[in-house]
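Trainee: give me the fold of what follows.
(4 chains)
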4 protein chains.
Amino acid sequence: MFILVNLKAYPCDPIEVAAAARDVAAASGVRIAVSPQAADIARVADTGVETWAQHVGPNGVGSHTGSTLAEPVADAGAAGTLINHSERRLRLADIDGAVRAAERAGLATCVCANNPAQIGAAAALGPDSVAVEPPELIGGDVSVATADPGIVEDAVAAAADVDESVEVYCGAGISSGADVETAGELGASGILLASGVAKADDPRAALEALVEPL
Amino acid sequence: MFILVNLKAYPCDPIEVAAAARDVAAASGVRIAVSPQAADIARVADTGVETWAQHVGPNGVGSHTGSTLAEPVADAGAAGTLINHSERRLRLADIDGAVRAAERAGLATCVCANNPAQIGAAAALGPDSVAVEPPELIGGDVSVATADPGIVEDAVAAAADVDESVEVYCGAGISSGADVETAGELGASGILLASGVAKADDPRAALEALVEPL
Amino acid sequence: MFILVNLKAYPCDPIEVAAAARDVAAASGVRIAVSPQAADIARVADTGVETWAQHVGPNGVGSHTGSTLAEPVADAGAAGTLINHSERRLRLADIDGAVRAAERAGLATCVCANNPAQIGAAAALGPDSVAVEPPELIGGDVSVATADPGIVEDAVAAAADVDESVEVYCGAGISSGADVETAGELGASGILLASGVAKADDPRAALEALVEPL
Amino acid sequence: MFILVNLKAYPCDPIEVAAAARDVAAASGVRIAVSPQAADIARVADTGVETWAQHVGPNGVGSHTGSTLAEPVADAGAAGTLINHSERRLRLADIDGAVRAAERAGLATCVCANNPAQIGAAAALGPDSVAVEPPELIGGDVSVATADPGIVEDAVAAAADVDESVEVYCGAGISSGADVETAGELGASGILLASGVAKADDPRAALEALVEPL
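Mentor: The predicted model follows:
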């Protein structure tokens, strides 16, 4: 099970969360990554934690100002990138372009989408993984297991119908170790979470509680 | 074979093209539709030609200003709509939303995309049809048959892999009756074209030449 | 005082509202316009009411699919257009382009913005009018007179600082005749409203109540 | 005269350009800044050169994924930021928001726009500076002095009409020391340039030639 902690634009200390994630990953053997702001990638990666970008653009090198080029993100130490997060929706052609740009730079890719039909579409673009983010669960306290377990199972089936090699992550509704277990039982091979760790008083303790059942 | 004439924002007389399309369709038995500006849908539909919108938004009724709601488009007489045309790219979630909104309004849907991977993604959203628009052929004089026949075959295969019921149209590189024939041989069941008819000195003659081999 | 009724994407009967607006305008001598979906402009304009588009794009004629070209909107009978409504925000360069496109088509222009600084910016682009839409008042039941009268006065001052010929409308927080009067006293020469008329059980009565104090 | 070198998404070595800019600035006394990709800000700033972001978003801290928050950009060492570059156009409300966000983070702001009307609009939002980028000069070899000197003078006048404290930079058409001199004579207090330095075989020599007449 892969755990990705999205720091969004939270006013947290990215280094504190990164160090905690690195240590909990080492102690538990669970793969944990942290996704900071682009300007923080280098110093987060310097902690030794697996680091992901929150977004890369579809463009390659060239006359593009204010975009997030995949190559400098990889050079700064990122190992992967989210694409099309619900807070950074992209045009279909740009998701395709961003997956290609990330692949060229050697970044793992996870394309987010919010229902099984879109998960099938995302899988058709050939990313390494997709993450299903049911809109009704984003940012809430309701767990996916109690709210709508079917959507994860349907997303797993939709992705497999299109491309069996694409992993499916659960992108919302996870806040406890029990939720992580449930996501795994529903077919997810990873989870995305944000405020549960990034805004926790004690991010280390929050991560330890998440991985405890694994 | 279905022929869709996109009038774009050309300074043509939409009624002249509509009347020509209606008459050539009746004389030849070939299904021909015309896609005008939203403000022109009602008077184009009044000619009796099959009429398509160039775009509808993902939203349903509600507090949305300046969007193109599917219902008024259908009420004005449209029978279908393009979605995600290369000149009106949408976010993945909005393509999904627009397909759903068009279905609720009873409009046929054609989602455009520019390569086989995106065609697979578009097909996963369950539209009635998809149209492949190879960027290198858009707006040019090169025919798809001479330039890149493989892309149409690959698009047909990509759509069929995901959903066999989705038809595939050829969205660029068509300007003659021979091109239409070739598109059909490559597996396309329809074509999109624009300036070849809309900017022709004699739109009726242009349409007659297109359907001649059919 | 100018009253513009924005029908948004509401499931109302645009003809019923248009006829009411036409009749109340004629009876009261107050200028009233109705702004429907693009596909409804022609039949709304056919009632004889002053008709506005909800949006026009920055482009002129050419290869633009799914945009709202100013010319067909004007040809369908519109006399003016909103630009940059809070539900259809545009890039600065596109607001400029849309004002120019609307002018070329003979449409009156009203650029919306949500605070005095943006109103100054909008006025610098030379539209006929600007509308201030304080975000905290949009869609609510709070009247601008009780909530934040200063923002209308500041918007009037900001526009006058840049270009004294640009009129200022009040774009939110209006639901009664008393609100209309207050807006006028604060320096507004027009108002935009939507649900208060478009979703009223009796649009005619709602309009009569609005113009009663004028 | 301020010289800002935009590295865009060019495949150059940002540290090489940064070190050259730092040294030429020190030797000549001319203020020179370098604007790299967000992921490169920290290491560019570490060279000691004045560093600018290419873009910051309008949002403050919170649930925003894949945006470029002003605070981490400032924390990484940036002293200023471009906003609304022609390759990263923003909605009017977002330009306003980005100027406010940059101010809160202590970043100097330069809002780009492409004609005098838009420059007036940009100045009304209260940034520290604006940059006029005539579209016909962007990325070309034609100098602003020979092509269209009037547009710089008109931009300077448009900004001054709205707010005399806003500086005006010349954002295109500069490739030689003579162009820099001309821009200054037309009223610009700074210049933006990109490929002339970033893609030069010898960025240091290119910068020395630019500052030579100053």
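Trainee: check which helix or strand covers the residue nearest to residue A:118 when sequence neighbours are not counted.
Mentor: Leaving aside its chain neighbours, residue A:118 sits nearest to residue B:96 (5.3 Å; criterion: Cβ to Cβ, 6 or more residues apart in numbering or on different chains). In short, each C-beta sits where N, CA and C put it, glycine included. In this structure, residue B:96 is located in helix B:92-104 according to DSSP states H and E.
Trainee: between that helix and helix A:92-104, how big is the angle?
Mentor: In terms of direction (axes from the mean of the first three to the mean of the last three Cα atoms, to 10 degrees), helix B:92-104 departs from helix A:92-104 by 150 degrees.
Trainee: hey, which helix or strand in chain A has the poorest pLDDT?
Mentor: helix A:144-147 (a mean of 71; mean pLDDT, DSSP states H and E).
Trainee: run through who's touching it.
Mentor: Outside of helix A:144-147, the residues within contact range by Cβ atoms under 8 Å, 6 or more residues apart in numbering or on different chains are A:134, A:136-137, A:151-152, A:170, A:172-174, A:178-179, A:182-183, A:186.
Trainee: low-confidence ranges, chain A, go.
Mentor: A:139, A:145 (pLDDT under 70).
Trainee: now the least confident helix or strand of chain A, how far from the chain's geometric center?
Mentor: How far helix A:144-147 lies from its chain's middle: 19 Å, per Cα atoms, centre = their mean, to the nearest Å.
Trainee: next secondary structure after that helix?
Mentor: Following helix A:144-147 toward the C-terminus (DSSP H and E): helix A:149-162.
Trainee: can that following helix be found next to chain B?
Mentor: Yes: residues of helix A:149-162 are located near chain B by Cβ under 8 Å from any Cβ of the partner chain, namely A:158, A:161, A:162.
Trainee: once you drop chain neighbours, what's closest to the second one?
Mentor: Using Cβ to Cβ, 6+ apart and skipping residues adjacent in sequence, the residue nearest residue A:161 is residue A:120, 6.4 Å away.
Trainee: contact partners for that neighbour?
Mentor: A:158, A:159, A:161, A:162, B:121, B:124, B:125, B:162.
Trainee: which ones are touching the first one?
Mentor: For residue A:158, the contacting residues are A:116, A:117, A:119, A:120, A:123, B:124, taking Cβ under 8 Å, 6+ apart as the criterion.
Trainee: ok, now how distant is it from residue A:190?
Mentor: From residue A:158 over to residue A:190 the distance is 16 Å, taken as Cβ to Cβ, to the nearest Å.
Trainee: repeat for the second one
Mentor: Residue A:159 sits 12 Å away from residue A:190 when distances are taken as Cβ to Cβ.
Trainee: now the common contact residues for those two.
Mentor: residue A:168.
Trainee: who has more neighbours, those two?
Mentor: Neighbour tally, residue A:159 and residue A:190, criterion other Cβ atoms under 10 Å in any protein chain shown: the higher count belongs to residue A:159, 27 against 21.
Trainee: ranges for the strands of chain A?
Mentor: A:2-6, A:31-35, A:50-53, A:80-83, A:108-113, A:129-132, A:167-170, A:190-193 (DSSP state E).
Trainee: sheet partners, orientation included, of the third one?
Mentor: Using DSSP bridges, the strands paired with strand A:50-53 in its sheet are strand A:31-35 (parallel), strand A:80-83 (parallel).
Trainee: can you tell me what sits against it?
Mentor: By Cβ under 8 Å, 6+ apart, the list of residues contacting strand A:50-53 reads A:4, A:18, A:25, A:31-36, A:38, A:41, A:44-45, A:68, A:73, A:77-82, A:107-108, A:110, D:39.
Trainee: residue A:147 versus the spatially closest residue to residue A:138 that is not a sequence neighbour, what's the distance?
Mentor: Nearest non-adjacent residue to residue A:138, counting by Cβ to Cβ, 6+ apart: residue A:172, 4.6 Å away. Residue A:172 is 9 Å from residue A:147, where distance means Cβ to Cβ.
Trainee: between those two, what contacts are shared?
Mentor: With Cβ under 8 Å, 6+ apart as the test, residue A:172 and residue A:147 both reach A:134, A:137.
Trainee: those two: who's more crowded?
Mentor: In this view residue A:172 and residue A:147 are compared by other Cβ under 10 Å, and residue A:172 has more residues nearby, 27 against 15.
Trainee: hmm, that one is touching residue A:191, no?
Mentor: No: counting by Cβ atoms under 8 Å, residue A:172 stays clear of residue A:191, with 9.2 Å between them.
Trainee: next, the nearest residue to residue A:85 once chain neighbours are set aside: phi, psi?
Mentor: The shortest distance from residue A:85 to any non-neighbouring residue, by Cβ to Cβ, 6+ apart, is to residue D:65 (4.2 Å). Main-chain dihedrals, residue D:65, degrees, to the nearest 10: phi -100, psi 130.
Trainee: let me see the contact set for residue D:65.
Mentor: A:6, A:8, A:9, A:54, A:55, A:82, A:85, A:86, A:87, A:88.
Trainee: before we move on, what about residue A:166?
Mentor: Applying Cβ under 8 Å, 6+ apart, the residues near residue A:166 are A:123, A:126, A:127, A:128, A:129, A:130, A:159, A:160.
Trainee: the fifth one: how many residues sit nearby?
Mentor: Going back to what we said before, that points to residue A:129. Residues near residue A:129, counting by other Cβ under 10 Å: 24.
Trainee: surely it is in contact with residue A:188?
Mentor: No: look at residue A:129 against residue A:188 with Cβ under 8 Å: they stay out of range, at 9.9 Å.
Trainee: what do those two both touch?
Mentor: Common neighbours of residue A:129 and residue A:188 (Cβ under 8 Å, 6+ apart) are A:168, A:169.
Trainee: how many neighbours does the nearest residue to residue A:53 once chain neighbours are set aside have?
Mentor: Counting by Cβ to Cβ, 6+ apart, residue A:53 lies nearest to residue A:81, which is 4.0 Å off, once chain neighbours are set aside. Residue A:81: 29 surrounding residues under other Cβ under 10 Å.
Trainee: roughly how far does residue A:81 sit from chain C?
Mentor: 26 Å (Cβ to the nearest Cβ, to the nearest Å).
Trainee: tell me the contacts of that residue?
Mentor: Contacts of residue A:81 (Cβ under 8 Å, 6+ apart): A:52-56, A:70, A:73, A:98, A:102, A:107-110.
Trainee: next to chain B, which bits of chain A? Give me the list.
Mentor: A:84, A:89-96, A:113-115, A:117-118, A:120-126, A:158, A:161-162.
Trainee: go again using 7 Å as the cut-off
Mentor: Within chain A, the positions adjacent to chain B are A:84, A:89-93, A:95-96, A:113-114, A:117-118, A:120-121, A:124-126, A:162 by Cβ under 7 Å from any Cβ of the partner chain.
Trainee: if we can go back for a sec, okay, and the beta partners of the residue nearest to residue A:53?
Mentor: Under the criterion used (DSSP bridges), residue A:81 bridges to residue A:53, residue A:109.
Trainee: could you do residue A:34 as well?
Mentor: Bridge pairing for residue A:34 - DSSP bridges - gives residue A:5, residue A:51.
Trainee: quick revisit: now render the contacts of residue D:65 as TSV, adding neighbour count and distance to residue A:201.
Mentor: As requested, those are exported to TSV (neighbours: other Cβ atoms under 10 Å in any protein chain shown; distance: Cβ to Cβ, whole Å):
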residue	neighbour count	distance to residue A:201
A:6	24	18
A:8	24	17
A:9	24	19
A:54	27	23
A:55	22	28
A:82	28	25
A:85	25	25
A:86	19	26
A:87	23	24
A:88	17	28
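Trainee: ok, so of those residues, who is nearest residue D:14?
Mentor: residue A:55 (20.0 Å; Cβ to Cβ).
Trainee: show me what contacts the residue lying closest to that closest one once chain neighbours are set aside?
Mentor: The spatial neighbour of residue A:55 that comes closest, neighbours along the chain excluded (Cβ to Cβ, 6+ apart), is residue D:66 at 3.0 Å. By Cβ atoms under 7 Å, 6 or more residues apart in numbering or on different chains, the contact list for residue D:66 reads A:54, A:55, A:85, A:87, A:88.
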